[in-house]
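S.K.: sequence and predicted structure, then a few things I'm wondering about:
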2 protein chains.
Amino acid sequence: MNLTAPPCPEATAVIHPRQAEILRAVRQAFVEKGFDGASMQDLARAAGMSVGNFYRYFPSKAAIIGAMVLMDAQEIRADFAAILAAPSPLTALRHGLRERIFGADCAKDSALWAEIDAAARRMPEVAEAHRMIESEVRGQLIAVFAAGTGLPLAEANRRFSTHAAFLLTLFKAAACADAMLGVDIPALRAMIAETLDARLDEILRHATPPPD
Amino acid sequence: MNLTAPPCPEATAVIHPRQAEILRAVRQAFVEKGFDGASMQDLARAAGMSVGNFYRYFPSKAAIIGAMVLMDAQEIRADFAAILAAPSPLTALRHGLRERIFGADCAKDSALWAEIDAAARRMPEVAEAHRMIESEVRGQLIAVFAAGTGLPLAEANRRFSTHAAFLLTLFKAAACADAMLGVDIPALRAMIAETLDARLDEILRHATPPPD
DNA sequence: GATCTGGGAGTGAACGTTCATTCACTGATA
DNA sequence: TATCAGTGAATGAACGTTCACTCCCAGATC
């Protein structure tokens, strides 16, 4: 397997509409079989086209994977833009996290999260996209904390960078929790959400003006 | 890749000493390259033997992987046996969790945890072993909670099964946290440990006789 | 309107590589 | 001598990628 494909475009890169269409189509194949387990033939079936045609749009299989992860990064960026534009960003964040934790998409995304985590250690394209997503999310969380507490960004970073990392860690754990058999999943998710809330309350206590 | 190898022996199965030696040797190859990415030739190099010799000890590559995960399960079982035999099981559990979270092995195991999580969805041998480990850990945690609170096992299960699942989830998250770049890892681990402690304190408040 | 041409999307067999597994063979030991 | 541990080339399958080819469409030309 060739892992030396050219690097991925940045998350700001324009993904061609046909590329995006292809990526949406192949996602489920990756969910079911993993990155290595899904062959180009599997992907071709999922996308309803021939294997050779992929190479008009992506230079390699690894690049397909990297682009798909980047497309996720762009969605997450849009989500945070909405949260930061809300009248009360911390409340919007709470709401958004709960929706994600309790929503149907949490279960659907867990396989892919696990696969991305594992693959980031062995595929440069995934490693780069993964690093970018996590760095982006933490940065955005800190921006929300700054907006929610009225602190300058640098001060919010100093005080809450560990909180940001913790929230991301816990959120990822929530995404994987549904894979546990014999567990009351709603109760587990509720406990996770409660833990997230406690940390957000802790942050809110740092607010300089009255909390938003 | 053939995924139809015979199922793994149970965690109570005797792992031949030579098998155990081989499994210890190949572990690092799996850590570095992942289950799919590590070829039989890579494993052979790591074990210092020829590729054909593996098949004297394991029926397939998948069986090697499954056995390695099961060997982990046996270690975890032994760890819990020691905790349950301690004069104060809950304190011993706290201590054990902290050692794991702050110890050097946490970083070393994270790649493998991620790989096992991802692989459990696509390799029957790993899925079975993974299911067994998680079920075992949760059961053992509940046994520790029962011992620590003086409650009957069935009652401890009723009250704390979600706590057990939460602790396992958070512990796994801690194992993966060190892969985050640009994060103060010790501070993050401390926050995770603090969260675990809070949940254990919560459990301790259910003690019927004075807490141990 | 009919025909030609160029460009783009799509095809799938062929290709070279890599893979996990097999098996005839070797060497050491009791 | 028999048994067991070990060997590594051969094997067939699977893989990602390439490439000669096809078809379609739009625009240009007659």
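M.R.: Yep, it's here.

S.K.: which elements pack onto the helix or strand hosting residue A:62?
M.R.: Residue A:62 belongs to helix A:61-85 when elements are defined using DSSP states H and E. Applying 3 or more C-beta pairs under 8 Å, 6 or more residues apart in numbering or on different chains; DSSP states H and E, we find helix A:61-85 packed against helix A:17-37, helix A:40-47, helix A:89-102, helix A:124-149. Backbone N, C-alpha and C define where each C-beta goes, glycine included.

S.K.: so what touches the second one?
M.R.: Pointing back at helix A:40-47 there. Helix A:40-47 is contacted from outside by A:22, A:25, A:26, A:28, A:29, A:33, A:50, A:51, A:53, A:54, A:61, A:64, using C-beta atoms under 8 Å, 6 or more residues apart in numbering or on different chains.

S.K.: following element in sequence after that helix, please.
M.R.: Following helix A:40-47 in sequence, per DSSP H and E, is helix A:54-57.

S.K.: so for that next one, what gets flagged as buried?
M.R.: If you call a residue buried by 16 or more other C-beta atoms under 10 Å in any protein chain shown, then helix A:54-57 has these buried ones: A:54, A:57.

S.K.: for stretch A:144-156, same thing?
M.R.: A:144, A:145, A:146, A:147, A:148, A:149, A:151, A:156.

S.K.: which of those residues come close to DNA strand D?
M.R.: Among these, proximity to DNA strand D is found for none (C-beta under 7 Å from any atom of the strand).

S.K.: residue B:140: which of those residues is nearest?
M.R.: Residue B:140 lies nearest to residue A:145 out of the buried residues of stretch A:144-156, by C-beta to C-beta, at 37.3 Å.

S.K.: and the closest one, what is it in contact with?
M.R.: Residue A:145 is in contact with A:90, A:151, A:156, A:159, A:160, A:163, A:164, A:203, counting by C-beta under 8 Å, 6+ apart.

S.K.: per-residue pLDDT, it?
M.R.: Looking at residue A:145, its pLDDT reads 95.

S.K.: again with residue A:97
M.R.: So residue A:97 comes in at 91 (pLDDT).

S.K.: which element is the closest residue to it other than its chain neighbours on?
M.R.: Spatial nearest neighbour of residue A:97, excluding adjacent residues (C-beta to C-beta, 6 or more residues apart in numbering or on different chains): residue A:196 at 5.8 Å. Residue A:196 belongs to helix A:185-204 when elements are defined using DSSP H and E.

S.K.: ok, residue A:144 touching residue A:93?
M.R.: Yes - using C-beta atoms under 8 Å, residue A:144 makes contact with residue A:93 at a distance of 5.1 Å.

S.K.: alongside DNA strand C, which residues does chain A contribute?
M.R.: Going by C-beta under 7 Å from any atom of the strand, the residues of chain A near DNA strand C are A:1, A:18, A:49, A:50, A:51, A:52, A:53, A:56.

S.K.: who's in contact with residue A:186?
M.R.: residue A:102.

S.K.: for residue A:155, see how far away residue A:147 is.
M.R.: 13 Å (C-beta to C-beta, to the nearest Å).

S.K.: what does residue A:48 show for phi and psi?
M.R.: The phi/psi pair for residue A:48 (degrees, to the nearest 10) reads phi 60, psi 40.

S.K.: neighbours of it, how many?
M.R.: 8 (other C-beta atoms under 10 Å in any protein chain shown).

S.K.: skipping adjacent residues, who's closest to it in space?
M.R.: That would be residue A:25: by C-beta to C-beta, 6+ apart, it lies 6.9 Å from residue A:48.

S.K.: wait, what's in contact with that neighbour?
M.R.: By C-beta under 8 Å, 6+ apart, residue A:25 lies in contact with A:46, A:47, A:48.

S.K.: and the last one, what's its pLDDT?
M.R.: Looking back up the chat, that one is residue A:48. Reading off the model, residue A:48 has pLDDT 91.

S.K.: follow-up on the earlier one: residue B:138: which of the helices and strands packed on helix A:61-85 is closest?
M.R.: It's helix A:89-102; of the helices and strands packed on helix A:61-85, that one is closest to residue B:138 (C-beta to C-beta) at 20.3 Å.

S.K.: the closest one packs against which elements?
M.R.: helix A:61-85, helix A:124-149, helix A:153-177, helix A:185-204.

S.K.: can we see that at 7 Å?
M.R.: Helix A:89-102 is packed against helix A:61-85, helix A:124-149, helix A:185-204, with contacts defined by 3 or more C-beta pairs under 7 Å, 6 or more residues apart in numbering or on different chains; DSSP states H and E.

S.K.: closest one to residue A:168 among those?
M.R.: Closest of the helices and strands packed on helix A:89-102 to residue A:168 is helix A:124-149, at 5.5 Å (criterion: C-beta to C-beta).

S.K.: buried sites along that closest one?
M.R.: A:125-130, A:132-134, A:136-149.

S.K.: and for stretch A:102-119?
M.R.: A:106, A:109, A:110, A:111, A:112, A:113, A:114, A:115, A:116, A:117, A:118, A:119.
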